[in-house]
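Student: My questions concern the predicted model and sequence given below.
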Amino acid sequence: MKAIAYHHSLPITDADSLLDIELPTPVATGRDLLVAVHAISVNPVDTKVRKNRQPKEGQPEVLGWDAAGVVTAVGPDASLFKVGDKVWYAGAINRPGSNSEFQLVDERIVGHMPASLDFSAAAALPLTAITAWELLFERLQISRDKNLTGKSLLVIGAAGGVGSVLVQLARQLTGVTIIGTASRADTSAWVKELGAHHVIDHSQPLAAEITRLGLPPVDYVISLNQTDSHFDQIVELIAPQGKFALIDDPEHIDVRKFKGKSVSLHWELMFTRSLFQTPDMIKQHALLNELAQLVDAGTIKTTVAEHFGAINAANLKRAHAVLESNTAKGKIVLQGF
């Protein structure tokens, strides 16, 4: 099968940073599905793994943690899907990724693809949607009762992949007042269109921006990028007994600064369930199925921003370069080999 992989961790500008290669087609065992990958999207995790995970000798590393495709075989213990089903998923960080014609994935982290989307539009959503869902409803435990108003949520980096889904979920499924951050006119308009009640500029001091809008201290804060540079502002603007969640990897933050306000801190990594084979791993299957229903009902829309063409090394290099520039809006998708 065709695949895109790397043998050495290299800058994306290097000719060998990602390569078109051939690999044996894997065989489904246990609860695995063998999926013919039709479309993928690219996430910051792809660039982080490429830069930091050195492949073992003779074992090329295949990236990619977002896919939509068709089930071509099922393992003997699989019961949730059958051959021919259209599926979407993000996969597992400790297994070969979706940048290949065929991929093995545990059925417990796979959902039925929305009927209303094509493969590329579907591939844009799984990783970011799972992350956003787990942040809102599992880490911060925000109520899904739209009538429960009075609470506020600040989303730092709201125009990116996770933010683009998170703002929609928060607006459509909860009663919180949503404040998104963006620093350009186009990204500010995007965040507003997705459902944010207010948009502030994260290139300015955030606490002052909240005050400028006449808003009270914020109950929930989700930081999706550059947490270390915003941390002191978060400490200042968050409400006493507030909740703070993050997904990035800040170098140095002094969490002791939260003590005076009794603020709780919540990390989110959507790969935790698959990485540790947790007893509730199947929740991601249920989550993706519910998300598909929300998409088909028109409640949540796909977050595709750019289509980079076929799935090959040259186009994936372009996508990695855009993500590393930190200027992406929504998601980059690729389709077909």
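Tutor: Nice, I can see it. Numbering: from 1, shown residues only.
Student: CA only for contacts and neighbour counts going forward, please
Tutor: Fine.
Student: And stretch 225-233, what's buried?
Tutor: 225-228, 230-232 (16 or more other C-alpha atoms under 10 Å).
Student: Can you show me the strands along the stretch 1-150 of the chain?
Tutor: Secondary structure of the stretch 1-150 of the chain (DSSP state E, counting those that start in this stretch): strands located at 2-6, 19-22, 32-42, 61-62, 67-74, 86-89, 102-106, 110-112.
Student: where do the helices sit along the stretch 201-337 of the chain?
Tutor: 206-212, 227-237, 272-276, 283-296, 313-324 (DSSP state H, counting those that start in this stretch).
Student: Dump the ones you listed to TSV, plus distance to residue 114 and mean pLDDT.
Tutor: Listed next are those as TSV, based on distance: least, C-alpha to C-alpha, whole Å; pLDDT from 0 to 100:
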stretch	distance to residue 114	mean pLDDT
helix 206-212	37	96
helix 227-237	33	97
helix 272-276	22	97
helix 283-296	5	98
helix 313-324	25	95
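Student: on that earlier part again, can you check which of the strands of the stretch 1-150 of the chain gets nearest to residue 335?
Tutor: Minimum separation from residue 335 across the strands of the stretch 1-150 of the chain (C-alpha to C-alpha) falls at strand 32-42, 4.1 Å.
Student: List the strands paired with that closest one, with their directions.
Tutor: Paired neighbours of strand 32-42 in the sheet (DSSP bridges): strand 67-74 (antiparallel), strand 102-106 (antiparallel), strand 331-335 (antiparallel).
Student: Excluding its own residues, what touches the second one? List them.
Tutor: Read it as strand 102-106. Contact with strand 102-106 is made by 1, 25-28, 31-37, 91-92, 96-97, as judged by C-alpha atoms under 8 Å, 6 or more residues apart in numbering.
Student: what do you get if the cut-off is 7 Å, keeping everything else the same?
Tutor: 25-26, 28, 31-37, 91 (C-alpha atoms under 7 Å, 6 or more residues apart in numbering).
Student: ok, back up a step: can you tell which of the strands of the stretch 1-150 of the chain is closest to residue 333?
Tutor: That would be strand 32-42 among those, by C-alpha to C-alpha, at 4.2 Å.
Student: what sits against the nearest residue to residue 175 once chain neighbours are set aside?
Tutor: Spatial nearest neighbour of residue 175, chain neighbours left out: residue 146 (4.1 Å); criterion: C-alpha to C-alpha, 6 or more residues apart in numbering. The contact partners of residue 146, by C-alpha under 7 Å, 6+ apart, come to 173-175.
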